[in-house]
Structures are given as C-alpha cells and as structure tokens.
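1. Let me see the structure of the following:
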Amino acid sequence: MVSVPAQRVEGSRMKYTIEHISQGENEVILRCAGPSPEMEQLIRFLEFQNRRLLGTRDGAQILIEPAEILYLESVEGRTFAYTENSVLQLEHSLLQLEQLLGTVNFFRCSKSVIINIDRVRELKSRANNRIDATMCNGEHIMISRTYASDFRRRLKGK
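-> Below you'll find the model as predicted:
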C-alpha cells in the first residue's frame with residue numbers, strides 16, 4: 001500500500017489527520033480520551049452515511065437516502081418525506097426521525113416540520129424572530145420563533 005504524506009489539521013476542538021492511500025478500503029479511526037459531544041456527533045454522522053429510510057408512494061415501498069429529503073412533515077398523525085420530485089409516507093414518527101436524523105444535517109424547525117439543512121438555499125429573517133428558509137426547489141419553510149435561536153446557534157457550529 002502506497003500512501004502520500006499525512007495531512008495534520010488542528011481545529012479549535014480537536015485535531016485530525018488525513019492520510020491519502022492509493023488502494024485499499026477507506027477507514028476511520030477515532031482516538032479520544034473519553035466520550036464528548038463532538039465525538040458522539042462524529043460517530044452518529046458516520047453511522048448515518050449507510051442509513052436509508054423506507055417510504056411508501058402509490059402503494060409501492062421505496063428506499064430513500066436521507067440526503068434526498070428536503071423536509072419531513074407530520075400531518076394528521078402521518079409523517080411525510082418531501083424530495084424535489086415526490087412525497088413519500090414514512091412509518092416513523094417525527095420524533096423518531098428527529099432522534100435518528102437530527103444530529104447530522106436535519107433540524108426541527110416547528111412542531112410539525114424537520115428540514116434538511118444541507119438542502120436550504122437561502123435564509124431570510126422575518127417578523128417575530130422567525131426565519132424563512134428557501135429550499136433548493138424554491139419551496140419556503142418557516143422556522144418558528146421557538147426554534148429560530150437554536151437554528152442560528154446550529155449554523156454557527158455551537
């Protein structure tokens with residue numbers, strides 16, 4: 001196995017090393033003194049990469065990558081995943097999905113909606129401390145004032 005020199009990066013919270021290899025399988029090794037919120041978030045992110053959700057559309061069951069989801073919505077006790085081109089009904093509750101996806105790129109923005117932060121194209125402040133999030137397909141999702149300050153902190157990486 002041939003590798004190029006490792007690149008060492010020191011950030012404000014932890015340092016990491018990237019070693020480029022010409023062949024073999026990608027591998028992540030985590031070294032830590034003990035559990036921390038950053039390490040737990042990193043582990044959830046890594047576990048999330050291979051996860052798919054099962055949804056139903058027109059009587060057919062469809063596997064969906066979470067990255068395809070623009071937002072999730074609960075309507076009359078049923079949960080729906082909205083993508084750029086379709087709507088799927090999911091078996092999970094919004095609370096289950098928040099726990100499953102919330103630590104990576106999804107954020108609860110109201111009682112009934114979770115958005116995929118990676119699919120937000122534009123943000124605008126609105127009256128009463130609300131935020132209007134324009135999704136990549138042009139659809140607008142309102143982030144309620146109850147969740148707006150947490151959303152701003154999340155965007156700042158806190």
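2. ok, which stretches of this structure are strands?
-> Per DSSP state E, the chain carries strands over the ranges 7-10, 15-18, 53-57, 60-64, 71-75, 78-82, 87-90, 106-110, 113-116, 120-126, 130-135, 140-143.
3. Would you reformat those as CSV and include mean pLDDT and distance to residue 33?
-> C-betas here are computed from N, CA, C, even on glycine. Shown next, in CSV, are the strands of the chain (pLDDT from 0 to 100; distance: least, Cβ to Cβ, whole Å):
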stretch, mean pLDDT, distance to residue 33
strand 7-10, 54, 16
strand 15-18, 79, 13
strand 53-57, 91, 35
strand 60-64, 92, 38
strand 71-75, 96, 36
strand 78-82, 96, 38
strand 87-90, 96, 38
strand 106-110, 93, 29
strand 113-116, 95, 33
strand 120-126, 95, 35
strand 130-135, 96, 37
strand 140-143, 96, 36
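4. Of these, which stretch is the most buried?
-> With neighbours defined as mean count of other Cβ atoms under 10 Å, these peak in mean count at strand 113-116, which reaches a mean of 24.
5. Residues in contact with that strand: which ones?
-> Contact with strand 113-116 is made by 66-67, 69-74, 94, 97-98, 101-102, 105-109, 133, 135, 141, 143, as judged by Cβ atoms under 8 Å, 6 or more residues apart in numbering.
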